[in-house]
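Engineer: Make a model of this:
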Amino acid sequence: MNTLANNHLAKRIDFNEDNLIVVLSDGRTLSVPLPFFPRLLNGTDEQRKNYIISGGGLGIHWEELEEDIDVNNLLYGFGDTTNKQNPESLTAA
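Structural biologist: Have a look, this model is predicted:
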């Protein structure tokens, strides 16, 4: 039995100044730097708060920001797969 199959569902999300924080249904918390998702980085606090958890927790969607995040991709360390830039280059000074 593959125990990973249903244990990584988003339960809720939050933001701090620098990160998207995803609380999973199994109790884990993922913190992902906002530069991994430029639409969220450039969105307002109000836009970031206007999300829905989709697919029973498999994804997170922001209609106004046209952003969709797959929870599996977060676990594998993927950021915005539509962005051709390397996330590290977005934060380089």
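Engineer: Now do the spatially most central residue of the chain against Arg48, distance only.
Structural biologist: Nearest to the mean C-alpha position of the chain, counting by Cα atoms, centre = their mean, stands Ile69 at 5.2 Å. Look at Ile69 and Arg48: by Cβ to Cβ, to the nearest Å, they are 12 Å apart. Bear in mind the C-beta positions are built from the backbone N, C-alpha and C, glycine included.
Engineer: can you check Leu40 too?
Structural biologist: Taken as Cβ to Cβ, the span from Leu40 to Arg48 is 6 Å.
Engineer: before we move on, back to that, setting aside sequence neighbours, what's the nearest residue to the residue nearest to the centre of the chain?
Structural biologist: Ile60 (4.6 Å; Cβ to Cβ, 6 or more residues apart in numbering).
Engineer: low pLDDT regions in the chain?
Structural biologist: Low-confidence segments of the chain (pLDDT under 70): 1-7, 83-93.
Engineer: which residues of it fall in strands?
Structural biologist: 10-15, 19-24, 29-33, 52-54, 59-62, 67-70 (DSSP state E).
Engineer: so Ser54 makes contact with His61?
Structural biologist: Yes. Counting by Cβ atoms under 8 Å, Ser54 touches His61, with 5.0 Å between them.
Engineer: Now do the shared contacts for these two.
Structural biologist: Asp68 (Cβ atoms under 8 Å, 6 or more residues apart in numbering).
Engineer: Next, the buried residues of stretch 57-64.
Structural biologist: 57, 59-60, 62 (16 or more other Cβ atoms under 10 Å).
Engineer: Keeping just the C-alphas, turn that stretch into PDB.
Structural biologist: C-alpha atoms of stretch 57-64 as PDB (Å, rounded to 0.1, in the frame of the first residue of the first chain):
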ATOM      1  CA  GLY A  57      -6.800  19.100  -0.900                       C
ATOM      2  CA  LEU A  58      -4.800  18.100  -3.900                       C
ATOM      3  CA  GLY A  59      -4.500  21.700  -5.100                       C
ATOM      4  CA  ILE A  60      -4.800  25.300  -4.300                       C
ATOM      5  CA  HIS A  61      -6.300  27.800  -6.700                       C
ATOM      6  CA  TRP A  62      -6.300  31.600  -6.900                       C
ATOM      7  CA  GLU A  63      -8.800  32.800  -9.500                       C
ATOM      8  CA  GLU A  64      -7.800  36.500  -9.500                       C
END
